[in-house]
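# What follows is a protein structure lacking sequence information:
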C-alpha cells in the first residue's frame, strides 16, 4: 500500500530526506561552495602577482628618482661651491683694493661713523625708514644668488611711504 511510498500530507507524497536524489543534491551544493572559494583563490593569486609586478616597477622608478635626485644635488652643490669661491675671490679683490689705501681701516671706520652721525643729526621725524631703505639693495637683478626679499622690500617701501605717527 501507501506505506511504501512515504508519508502523505494534503494528498502529496513525501519521501524520507535520505533518498539518493537528495544525497546528490547535497553533494552538488557542497561542490558549489568549494568552487566559489577556488575562483576567489585564483583571483587572489592573480592580484598578488599584479601587486608584486607593480611593487617591482615602483621600486625601479623610485631607484631612478633617487639617482636623479642625487645627481641633481651634486650638480647644485658644485655650482654653489663655485659661486661661493667666486664671491670669496671678488670680496678679497675688493678688500685688497680698499685696504691698499693708506690708513684704510681708519678711513673706513671713520667714514661710516661720520655718515652715521651726519644722518642721525639731520633726523627729521618720519625719515627713519628712508634711511633703512637706502641701506637695502632693492635692485632685484643684482641679487640673483641671494634669498628672495621681495616681501621685505614691499614692507619697507610701504613703511617708507607712511609717515611715523607720533
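Great, that's in hand. Just so it is clear, the model here is predicted, and its values are computed rather than measured. Numbers count the residues shown, from 1 in each chain.
# In this protein, spot the helix with the most residues.
helix 20-99 (DSSP state H).
# and it, average pLDDT?
For helix 20-99, mean pLDDT rounds to 85.
# cool, and stretch 131-149?
In the prediction, stretch 131-149 has an average pLDDT of 66.
# Show me the protein divided up by domain.
24-100, 124-165 (the TED database).
# Can you list the helices and strands that the longest helix of the chain packs against?
Counting contacts by 3 or more CB pairs under 8 Å, 6 or more residues apart in numbering; DSSP states H and E, helix 20-99 is packed against helix 104-121. In this view, the C-beta of every residue, glycine as well, is placed from N, C-alpha and C.
# After the helix it packs on, which helix or strand is next? Please name it.
Once the chain leaves helix 104-121, the next helix or strand it forms, by DSSP states H and E, is helix 128-135.
# Any buried residues in the helix or strand following that following helix, and which?
Proceeding N to C from helix 128-135, the next assigned helix or strand is helix 150-161, under DSSP H and E. If you call a residue buried by 16 or more other CB atoms under 10 Å, then helix 150-161 has these buried ones: 156, 160.
# what angle sits between helix 150-161 and helix 128-135?
140 degrees (axes from the mean of the first three to the mean of the last three CA atoms, to 10 degrees).
# and the gap between the closest residue to residue 157 other than its chain neighbours and residue 86?
Leaving aside its sequence neighbours, residue 157 sits nearest to residue 133 (CB to CB, 6 or more residues apart in numbering; 7.0 Å). For residue 133, the distance to residue 86 equals 28 Å [CB to CB, to the nearest Å].
# which of these two has more neighbours?
residue 133 (16 against 11; other CB atoms under 10 Å).
# you'd agree the more buried one is up against residue 156?
Yes - look at residue 133 against residue 156 with CB atoms under 8 Å: they come within range, at 5.4 Å.
# pretty sure residue 136 contacts residue 155?
No - counting by CB under 8 Å, residue 136 does not reach residue 155; the two are 10.9 Å apart.
# shared neighbours of those two, anything?
Counting by CB atoms under 8 Å, 6 or more residues apart in numbering, residue 136 and residue 155 have no common neighbour.
# Now do the residue nearest to residue 132 when sequence neighbours are not counted against residue 97, distance only.
Excluding the flanking residues, the one nearest residue 132 by CB to CB, 6+ apart is residue 156, at 6.2 Å. Computed as CB to CB, the residue 156 to residue 97 distance reads 30 Å.
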